[in-house]
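Student: heads up, no residue letters with this:
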């Protein structure tokens, strides 16, 4: 059934390397949407390398037809996942044209992959394996590759003005790396269409891309807020908090919680502040020039998280806590509950509280009790230690 040739070790090495990189990056940040998206990109790249091997080695024409169809299908899915990854770095942005309609994007990608794979008819064999007998599948794939590269470039340009310094370099590196497989696939397809006898290793560009993107994800710690020890002067003395505890500040204003944050920072702890209030207002009021903020906002941009993306928020806060004793302050719990199922928000708070206890950190949550139902208030007070006026 299989005629293994001299390139078999190369195909297998590509697949194993891609699977291994995907798994390793996922283990380093399983809650991160960047790490999870890269994992699926690497898995698809590994499947593509195995399908390359089948196209070069199969004896059965029927099985080879399905291998070619599968390769085209996987290649288009891979471009879809790669584009999704590009809009996540260095910070999440909307999909071009579709905004937040990810379901529509998924349907379009699946439809394009299905139509292109179905276009494969008769196939022929040469010294380098099987290939379509006509150029239609390659032409359709070439059109999709051009569209993918255009969207990749447009996405980069769309967020370029909002980026500065390192973030621009990160965005350029990711976009370039994600473009490599598509660019290198064009001459390989051209050789197959023109009859030029060269090994058809479509996965060569994929391994280059996967290695660069994996390095960049691990090197830049994407979507992980930086830790700083900012010297601050407390506005007024407030009772000290105990490390390894989680507190619920039931005040009409979050100022009391922020005063506690500033006091703990004065004792040398790093802080991460998640807020519905614009960070610039809080920076000016409490003289916090370096402390990282996460703004809960539906408009994409640096240091922002969509309130419905609790998974992203979980990743960013828990990774911050794992790097050392920290103060995590959350102002905007009501906004999170407005945009999510209550159980989802409570699960986030429970996971973060447990991590805070284990790491010897402090979690502060501010809420106006007038905005809560009796049930919501009772659940929160059971999970967190209450601080009242």
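Tutor: Received, thanks. Note that the structure is predicted; figures quoted are calculated from it, not measured.
Student: How far does stretch 244-255 stretch from one end to the other?
Tutor: Counting by C-alpha to C-alpha, to the nearest Å, you get 22 Å between the two ends of stretch 244-255.
Student: how far does it sit from the chain's center?
Tutor: 31 Å (C-alpha atoms, centre = their mean, to the nearest Å).
Student: what's next to that stretch, contact-wise?
Tutor: 241, 256-257, 260, 277, 331, 349, 352-353, 356-357, 360-370, 380-381, 383-389 (C-beta atoms under 8 Å, 6 or more residues apart in numbering). Just so you know, the C-beta spots here come from the backbone N, C-alpha and C atoms, and that holds for glycine as well.
Student: Stretch 355-367 now?
Tutor: 241-251, 254, 256-257, 260-261, 264, 269, 318, 321-322, 324-331, 333-334, 349, 352-353, 380, 384.
Student: Give me the mean pLDDT for that stretch.
Tutor: Mean per-residue pLDDT for stretch 355-367: 94.
Student: Equivalent analysis for stretch 323-338, please.
Tutor: Mean predicted lDDT for stretch 323-338 stands at 93.
Student: If you count neighbours, what's buried in that stretch?
Tutor: By neighbour count on 16 or more other C-beta atoms under 10 Å, the buried set for stretch 323-338 is 325, 326, 327, 328, 329, 330, 331, 332, 333, 334, 336, 337.
Student: any idea how far the lengthiest helix in the chain is from the chain center?
Tutor: In the chain, with assignment by DSSP state H, the single longest helix is helix 166-194. Counting by C-alpha atoms, centre = their mean, helix 166-194 is centred 20 Å from the centre of its parent chain.
Student: re earlier: if you look at the contacts of stretch 355-367, which of them are in helices?
Tutor: 256-257, 260-261, 264, 318, 321-322, 333-334, 349, 352-353, 380.
Student: so which of those comes closest to residue 89?
Tutor: Nearest to residue 89 out of the ones in helices among the contacts of stretch 355-367 is residue 318 (C-beta to C-beta; 19.4 Å).
Student: how close does the closest one sit to residue 356?
Tutor: 9 Å (C-beta to C-beta, to the nearest Å).
Student: Between the two, which is the more surrounded one?
Tutor: residue 356 (24 against 20; other C-beta atoms under 10 Å).
Student: which parts of stretch 136-145 are buried?
Tutor: In stretch 136-145, counting by 16+ other C-beta under 10 Å, buried: 137, 138, 140, 141, 142, 144, 145.
Student: Contact partners for the last one?
Tutor: Think residue 145. Taking C-beta under 8 Å, 6+ apart, one finds 79, 182, 185, 186 in contact with residue 145.
Student: domain assignment for this protein?
Tutor: 8-220, 245-388 (automatic domain parsing).
Student: Test my guess that residue 238 contacts residue 261.
Tutor: No - counting by C-beta atoms under 8 Å, residue 238 stays clear of residue 261, with 9.9 Å between them.
Student: These two: who's more crowded?
Tutor: residue 261 (29 against 16).
Student: Can you tell me the closest non-neighbouring residue to the more buried one?
Tutor: residue 329 (4.8 Å; C-beta to C-beta, 6 or more residues apart in numbering).
Student: gap between that neighbour and residue 265?
Tutor: With C-beta to C-beta as the criterion, residue 329 and residue 265 are 10 Å apart.
Student: Return the residues in contact with the residue nearest the centre of the chain.
Tutor: Using C-alpha atoms, centre = their mean, the residue of the chain that lies closest to the mean C-alpha position is residue 34, 2.0 Å off. Neighbour list for residue 34: 85, 88, 89, 217, 222, 223 [criterion: C-beta under 8 Å, 6+ apart].
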